[in-house]
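# next comes the sequence, and after it the predicted model I'd like to discuss.
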Amino acid sequence: MIPETVFAMLACARPGVIHSVVFGGFAPPELAKRIDDATPKLVLTASCGIEGSRTIACKPLVDEALVLAAHSVEHVVLVQREQLTADLMPVRDIDWHDLRRRTADMPVPPCVPLASGDPLYILYTWGTTGTPKGVVRDNGGHAVALSWSMANIYGIGARDTFWAASDVGWVVGHSYIVYAPLLVGATTVLFEGKPVGTPDPGTFWRTIARHNVKSFFTAPTAIRAIRKEDPDARYLKEIGVGACRAVFLAGERADPETIAWLERKSGLPVIDHWCQTELGWPAIASCFAMGDLRRKPGSAGFPVPGYQFAILDDEGFALPDKASGNVVIKTPLPPGTFRSLWNNNATFVRNFETFPGYYETGDAGFRDSEGFMHIMGRTDDIINIAGHRLSTGQMEEIVSRQPGVAECAVVGADDNLKGMVPIAFVTPQIGYAADKSIAERAVLAVRSELGAIAAMKAVLVVEQLPKTRSGKILRSLLRKIVNREPFDIPATIDDPETPAKIAAVCREELGLDDPHLQNPGK
């Protein structure tokens, strides 16, 4: 998350070179997979990244990945950072700043005209098999869609300041840190750090006020982290929100309690909306800049112009309002969405095969009688309890409202009698770590609000939930732990020790005996 990253992306786009940014949290084998798939001529990296109080060496990861990869690159261009420098390999490696000095007097090459459908970038996301798939973004549709969204969803134009507190390694970073603000002549904020601990829970508000941020975009996890550290919003009250007019949340499902807390403490509209890597820009939102401030707790808003949604059952039949099913989008997809997967046309086609005439999002949800769209989670987050399909997202809403709960995740555990039963994992707010009543209150609340059929088996209090470095909760990993299935530590996990700690809680509280959890390679 340094300026040179943005410079490199734009320097690729100028002559029509395809770039593929890989998130810095990936281990060398995962980076090697992407190198072999994209077959780049050049790798650009930095000597290190800074994450809170830690300095992460990047160059050794790149070197190891290039050894593992079958594909050979011509050069590695390295930005040396003063916090931690790296050794350069003769001939292959080039110092970024030295290269800039040596080429300072060379004429700047002109922009190269491209066809609208020519690729701009490849961005890898996870497929259902665990193998990364390279989403290809085109030039023309991408620019049109992002420009439209800045003007009509976020209310940002020339000379405004926009901040998307994401990472350039993810689609939000591509779309709303690098390309969209610059396409409309706005200022973009590039932030290296975390919402807490760099140095305190006031970092976001301080940055917003200092730089006159007009619209702010972040993930619900970031707000929950701030709330956990500063439940009374003392920093927010002291610093204020400056010129900010709205906060937008995306990246994962925003629980109503988090939205309500932030609206109450900030006095700003907090707008949940929904996007995917494949789509590249929001498909469900309340278009704030068009004067649409209709919001409903638990909903991501309404379909954005260009997207036509349907809710289908597993047989492909349309479901009535309020009935949960497969969320699909009618084809053709609007501008800016993916048109192919890099070297993987078969997987691309499969996205449209299950429900002919529709793109299968892989998410479950429903449309209510007022037209609000509710995305309740991935389709495998819908659990079947004694023949009843219930959403773990709904249960998470209930659990998260309980006093003392900072974050929660609900997953389905296999059950011999009912097929599946829900288990909740919660992290306590400061001051509630010793509160033994959290679990009991959560179980009773779920039973009270969803009925006895919900049959929540247990609520386990843990230090922290397993998350990716971008803040997404790894619910699939939690499912494997409670169901005694083998699992690998994901390359994107924030803290590799968290799964073992959660497994220990499961063994103690649920009586699970899982020898595979002791395997250091798993």
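Okay, I see it.

# can you pull the contacts of Arg34?
By CB atoms under 8 Å, 6 or more residues apart in numbering, Arg34 lies in contact with Ser20, Val22, Phe26, Tyr124, Pro132, Gly134. Just so you know, the C-beta spots here come from the backbone N, C-alpha and C atoms, and that holds for glycine as well.

# what number of residues lie near the fourth one?
When neighbours are counted by other CB atoms under 10 Å, Tyr124 registers 24.

# how about it, what does it touch?
When contacts are counted by CB under 8 Å, 6+ apart, Tyr124 is found next to Ser20, Val22, Arg34, Asp37, Pro132, Lys133, Gly134, Val135.

# out of those residues, who's the most crowded?
Most neighbours among the contacts of Tyr124, by other CB under 10 Å: Val135, with 26 neighbours.

# list the neighbouring strands of the helix or strand encompassing that residue plus their orientation.
If you go by DSSP states H and E, Val135 is part of strand 132-138. Strand 132-138 has the following sheet partners, assigned by DSSP bridges: strand 119-126 (antiparallel), strand 340-341 (antiparallel).

# looking at those, which is nearest to Asp488?
Nearest of the strands paired with strand 132-138 to Asp488, taken as CB to CB: strand 119-126 at 12.6 Å.

# before we move on, the earlier item: farthest-separated two in the contacts of Arg34?
Spatial extent of the contacts of Arg34 (CB to CB) is set by the pair Phe26 and Gly134 at 14.0 Å.

# can you give me the strands in the stretch 301-450 of the chain?
With DSSP state E, counting those that start in this stretch, the ranges of strands along the stretch 301-450 of the chain come out as 302-303, 309-312, 325-330, 340-341, 358-367, 373-378, 382-385, 388-391, 405-415, 419-428.

# could you export these as TSV, including mean pLDDT and mean neighbour count?
Below are the strands of the stretch 301-450 of the chain laid out as TSV (pLDDT from 0 to 100; neighbours: other CB atoms under 10 Å):
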stretch	mean pLDDT	mean neighbour count
strand 302-303	97	19
strand 309-312	97	18
strand 325-330	96	22
strand 340-341	95	20
strand 358-367	93	21
strand 373-378	84	22
strand 382-385	75	19
strand 388-391	70	18
strand 405-415	91	23
strand 419-428	91	22
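
# out of those strands, which comes closest to Asp93?
Asp93 lies closest, by CB to CB, to one member of these: strand 340-341, at 31.2 Å.

# list the contacts of the closest one.
Strand 340-341 has contacts (CB under 8 Å, 6+ apart) with Lys133, Gly134, Val135, Val136, Thr347, Phe348.

# which of those sit farthest apart?
Largest pairwise distance in the contacts of strand 340-341, by CB to CB, is 12.1 Å, between Val136 and Thr347.

# neighbour-wise, which of the two wins?
The neighbour comparison of Val136 against Thr347 (other CB under 10 Å) goes to Val136, with 20 against 16.

# enumerate every residue touching the more buried one.
Listed by CB under 8 Å, 6+ apart, the contact set of Val136 reads Pro119, Tyr121, Ile122, Phe338, Arg339, Ser340, Leu341, Trp342.

# so what's it bridging to?
Under the criterion used (DSSP bridges), Val136 bridges to Ile122, Ser340.

# and it, how close does it get to Pro282?
Counting by CB to CB, to the nearest Å, the gap from Val136 to Pro282 is 20 Å.

# what about the helices in the stretch 1-150 of the chain?
For the stretch 1-150 of the chain, the helices defined by DSSP state H, counting those that start in this stretch cover 3-13, 28-38, 59-68, 96-102, 140-149.

# and among these, the most buried is which?
Among these, helix 140-149 has the highest mean neighbour count (mean count of other CB atoms under 10 Å), at a mean of 20.

# tell me the angle it makes with strand 119-126.
80 degrees (axes from the mean of the first three to the mean of the last three CA atoms, to 10 degrees).

# touching, Tyr154 and Ser215? I think so.
Yes. At 4.6 Å, Tyr154 and Ser215 qualify as touching, with contact defined as CB atoms under 8 Å.

# host element of Glu463?
Following DSSP H and E, one finds Glu463 outside all helices and strands.

# give me the nearest residue to Asp87, chain neighbours excluded.
Spatially, and ignoring its direct neighbours in sequence, Asp87 is nearest to Lys59 (7.4 Å; CB to CB, 6 or more residues apart in numbering).

# wait, what's in contact with the one you found?
Counting by CB under 8 Å, 6+ apart, Lys59 has contacts Thr45, Ser47, Cys48, Leu78, Ala86, Asp87.

# for those residues, give me TSV that also has distance to Gly357 and pLDDT.
TSV is the format used below for the contacts of Lys59 (distance: CB to CB, whole Å; pLDDT from 0 to 100):
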residue	distance to Gly357	pLDDT
Thr45	43	97
Ser47	50	97
Cys48	49	94
Leu78	48	98
Ala86	51	96
Asp87	55	95
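
# looking at the residues you listed, which is nearest Pro303?
Pro303 has its nearest neighbour among the contacts of Lys59 in Thr45, at 39.4 Å by CB to CB.

# gap between the closest one and Phe348?
From Thr45 across to Phe348, the span is 29 Å (CB to CB).

# what does Gly316 give?
As defined by CB to CB, Gly316 lies at a distance of 20 Å from Phe348.

# okay, the two: which has more neighbours?
Set Gly316 next to Phe348 and count neighbours by other CB under 10 Å: Phe348 wins out with 18 against 14.

# what's the spacing between the closest residue in space to that one that isn't next to it in sequence and Arg264?
Excluding its sequence neighbours, the residue lying closest to Phe348 (CB to CB, 6+ apart) is Leu341, at 4.2 Å. From Leu341 across to Arg264, the span is 43 Å (CB to CB).

# picking that back up, next, the angle from the strand holding Val135 to helix 28-38.
Using the same axes, to 10 degrees: strand 132-138 against helix 28-38 is 50 degrees.

# for strand 132-138, give the mean pLDDT please.
Mean pLDDT, computed over strand 132-138, is 92.

# next: stretch 11-28.
In the prediction, stretch 11-28 has an average pLDDT of 90.

# that stretch: how far from the chain's middle?
Relative to its chain's centre, stretch 11-28 lies at 18 Å (CA atoms, centre = their mean, to the nearest Å).

# what are the ranges of the helices in the stretch 401-522 of the chain?
Along the stretch 401-522 of the chain, counting by DSSP H, counting those that start in this stretch, helices occupy 437-450, 475-482, 498-510.

# equivalent analysis for the stretch 151-300 of the chain, please.
171-173, 180-183, 203-210, 220-229, 234-239, 256-266.

# weakest of the ones you listed in terms of mean pLDDT?
Mean pLDDT is lowest for helix 220-229 among the helices of the stretch 151-300 of the chain, at a mean of 90.

# what does it rub up against?
Outside helix 220-229, the residues touching it (CB under 8 Å, 6+ apart) are 165, 194-196, 200-201, 204, 233, 249, 251-255, 258-259, 261-262, 272, 406-407, 427, 429-430, 467, 471-473.
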